[in-house]
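[1] compute the structure for the input listed below.
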Amino acid sequence: MPEYGEHESAGDPLQTLRHSAAHLLAAAVTELYPGAAYGIGPAVQDGFYYDFDFGKPISESDLPAIESRMRRLAQADIPFVHEVLPRATAIEEFRKRGQDYKLELIADKVEGDEVSVYRTGEFLDLCRGPHVRSTKDIKAFKLLRVAGAYWRGDEKKPQLTRIYGTAWPTQRELDDYLKFLEEAELRDHKKLGKDLKLFTVDDRVGPGLPLWLPDGATVRRELERFIVDEELARGYLHVRTPDVARLDLYRQSGHAQLYSEFMYPPMTFEDGEELELRPVNCPHHIVIYQTELRSYRDLPMRIAEIGNNWRYERSGTLAGLNRVRAFALNDAHIFCTPGQLMDEVKGAIELALYFSKVLGIDEFWSGGPRGCAGVDGADVRTGVGRGCVLWAEDRLPGPRRPPARVHELDGAG
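    All right, here's what the predicted structure looks like:
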């Protein structure tokens, strides 16, 4: 979750506009709800949000009044004023306002004796900016929905009310985006899943654990057959591995140390054995590779599987099939020499683009996980790795929304 110093707009005019709209939202809320405490309010893809502790429930029926107050403040032409306060002064300002969340951020995130803040009339926020000149520069905006969010993404901390909105440079762009949202809602997979009787989620089974109905299971089965047949034709070796493994395997792989917050609690037996529902397929495939001695003549070796994965996603993040606790991952692990790496990355990307083309997918958004495992040898990471990234960027189709971005990872991942 972005916090102080982590969500600034870095000079992007649209992100600056949306970040300023988030401040405008908070200013309106604090006028209408004087006792409300405010957390963070970053710009995000296609909009912005701000987290509040209202001390009482609010709903989307309250958004029109908040939006109306935002428009009044926008028309008042209130400047965004940047100040750098001594730490003690900033603490006193937020303490006087009863803003304990800001005090926590100052204690945890602000180094040194200077604290950057922005004033918008009576509203004061902990922020590095930048912002637009005045509230009058925020002309086209709309509040969209209300959701729950744990403070700083920690389920042990208070649950706040998150208000989402969007802002655009012109009214026409805003109208186009709202029309896009209306059309997208008609195509929402949760609605289609119910209307077409493809899948369902039942509280008796548990949140994030979808049940595939007969027609949905047929679609999934045909997709799996298509995937496996194509990968076999391209030299992938498909395997089957269990959904559980000893916890020691994940300690050895590092998942137990780095990924534990997304793993189910281990099953511990009387003899002390600990079994874990797997969050990934990687360790199983490594074990398969290690079942016998391999020669360089065996390489490249492409081990693939449509494997069931289990991840303990927080209940507040679950949404349809987009965020679940049980899913099947089409996954592969390629073992090759450094000299084969470029061709293998090319082959994997071409396979992914082929699947995407067949399925009508022409928008791409990719990012690398922190702590991604690399390849031995800096020359491989910096030379072949960069070459693979540049080659991939040239082959992603366009135009696309949002823009495609292929990142060089913390290794040759």
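[2] helices or strands next to the helix or strand where residue 15 lies in the packing?
    Here residue 15, judged by DSSP states H and E, is contained in helix 13-32. Using 3 or more CB pairs under 8 Å, 6 or more residues apart in numbering; DSSP states H and E, the elements in contact with helix 13-32 are strand 37-38, strand 43-44, strand 47-53, helix 63-75, strand 114-120, strand 123-126, strand 140-150, strand 159-168. From N, CA and C alone the C-beta is placed, and that goes for glycine too.
[3] pLDDT on the last one, on average?
    Spelled out, that is strand 159-168. For strand 159-168, mean pLDDT is 96.
[4] can you check the fourth one too?
    For helix 63-75, the mean pLDDT works out to 97.
[5] other SSEs contacting it?
    helix 13-32, strand 140-150.
[6] now for the protein, the helix or strand with the poorest mean pLDDT.
    helix 378-379 (a mean of 44; mean pLDDT, DSSP states H and E).
[7] what about the helices and strands packed on helix 13-32, which gets the closest to residue 355?
    Residue 355 sits nearest to strand 43-44 of all those, at 28.4 Å, using CB to CB.
[8] what residue ranges in the chain score low on pLDDT?
    For the chain, the stretches with pLDDT under 70 are 1-11, 363-413.
[9] show me where the protein has its helices.
    13-32, 63-75, 87-96, 100-109, 171-186, 189-195, 214-233, 247-253, 255-258, 282-289, 341-358, 378-379, 385-395 (DSSP state H).
[10] for the ones you listed, give me a markdown table that also has mean neighbour count.
    As requested, those are arranged in a markdown table below (neighbours: other CB atoms under 10 Å):
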| stretch | mean neighbour count |
| --- | --- |
| helix 13-32 | 23 |
| helix 63-75 | 16 |
| helix 87-96 | 15 |
| helix 100-109 | 16 |
| helix 171-186 | 12 |
| helix 189-195 | 14 |
| helix 214-233 | 13 |
| helix 247-253 | 17 |
| helix 255-258 | 15 |
| helix 282-289 | 17 |
| helix 341-358 | 15 |
| helix 378-379 | 10 |
| helix 385-395 | 15 |
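[11] distance to residue 139 added to the ones you listed, as JSON lines?
    Listed next are the helices of the chain as JSON lines, based on distance: least, CB to CB, whole Å:
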{"stretch": "helix 13-32", "distance to residue 139": "9"}
{"stretch": "helix 63-75", "distance to residue 139": "7"}
{"stretch": "helix 87-96", "distance to residue 139": "30"}
{"stretch": "helix 100-109", "distance to residue 139": "28"}
{"stretch": "helix 171-186", "distance to residue 139": "7"}
{"stretch": "helix 189-195", "distance to residue 139": "33"}
{"stretch": "helix 214-233", "distance to residue 139": "44"}
{"stretch": "helix 247-253", "distance to residue 139": "52"}
{"stretch": "helix 255-258", "distance to residue 139": "45"}
{"stretch": "helix 282-289", "distance to residue 139": "49"}
{"stretch": "helix 341-358", "distance to residue 139": "37"}
{"stretch": "helix 378-379", "distance to residue 139": "50"}
{"stretch": "helix 385-395", "distance to residue 139": "35"}
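[12] which of those helices sits closest to residue 38?
    helix 13-32 (5.0 Å).
[13] what's the angle from that closest one to strand 140-150?
    If you take axes from the mean of the first three to the mean of the last three CA atoms, to 10 degrees, helix 13-32 sits at 70 degrees to strand 140-150.
[14] distance from helix 13-32 to the middle of the chain?
    Helix 13-32 sits 22 Å away from the centroid of its parent chain (CA atoms, centre = their mean, to the nearest Å).
[15] likewise for stretch 346-365?
    How far stretch 346-365 lies from its chain's middle: 21 Å, per CA atoms, centre = their mean.
[16] alpha carbons of it, in PDB - could you do that?
    Listed next in PDB are the C-alpha coordinates belonging to stretch 346-365 (Å, rounded to 0.1, in the frame of the first residue of the first chain):
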ATOM      1  CA  LYS A 346      11.900 -15.600 -26.700                       C
ATOM      2  CA  GLY A 347      10.000 -18.900 -27.000                       C
ATOM      3  CA  ALA A 348       8.200 -18.300 -23.800                       C
ATOM      4  CA  ILE A 349       7.100 -14.800 -24.800                       C
ATOM      5  CA  GLU A 350       6.000 -16.000 -28.200                       C
ATOM      6  CA  LEU A 351       3.900 -18.800 -26.600                       C
ATOM      7  CA  ALA A 352       2.300 -16.300 -24.300                       C
ATOM      8  CA  LEU A 353       1.500 -13.900 -27.200                       C
ATOM      9  CA  TYR A 354       0.100 -16.800 -29.200                       C
ATOM     10  CA  PHE A 355      -2.300 -17.800 -26.400                       C
ATOM     11  CA  SER A 356      -3.200 -14.100 -25.900                       C
ATOM     12  CA  LYS A 357      -4.000 -13.700 -29.600                       C
ATOM     13  CA  VAL A 358      -6.200 -16.800 -29.800                       C
ATOM     14  CA  LEU A 359      -8.100 -15.600 -26.700                       C
ATOM     15  CA  GLY A 360      -8.500 -12.000 -28.000                       C
ATOM     16  CA  ILE A 361      -6.200 -10.400 -25.400                       C
ATOM     17  CA  ASP A 362      -4.400  -7.300 -26.700                       C
ATOM     18  CA  GLU A 363      -3.700  -5.400 -23.500                       C
ATOM     19  CA  PHE A 364      -0.700  -6.200 -21.300                       C
ATOM     20  CA  TRP A 365       0.400  -5.000 -17.900                       C
END
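[17] how is this protein divided into domains?
    Taking automatic domain parsing as the reference, the chain has its domains at 13-187, 204-335, 337-413.
[18] would you turn the ones you listed into a markdown table with distance to residue 198?
    What follows is the domains of the chain, written out as a markdown table (distance: least, CB to CB, whole Å):
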| stretch | distance to residue 198 |
| --- | --- |
| domain 13-187 | 14 |
| domain 204-335 | 3 |
| domain 337-413 | 16 |
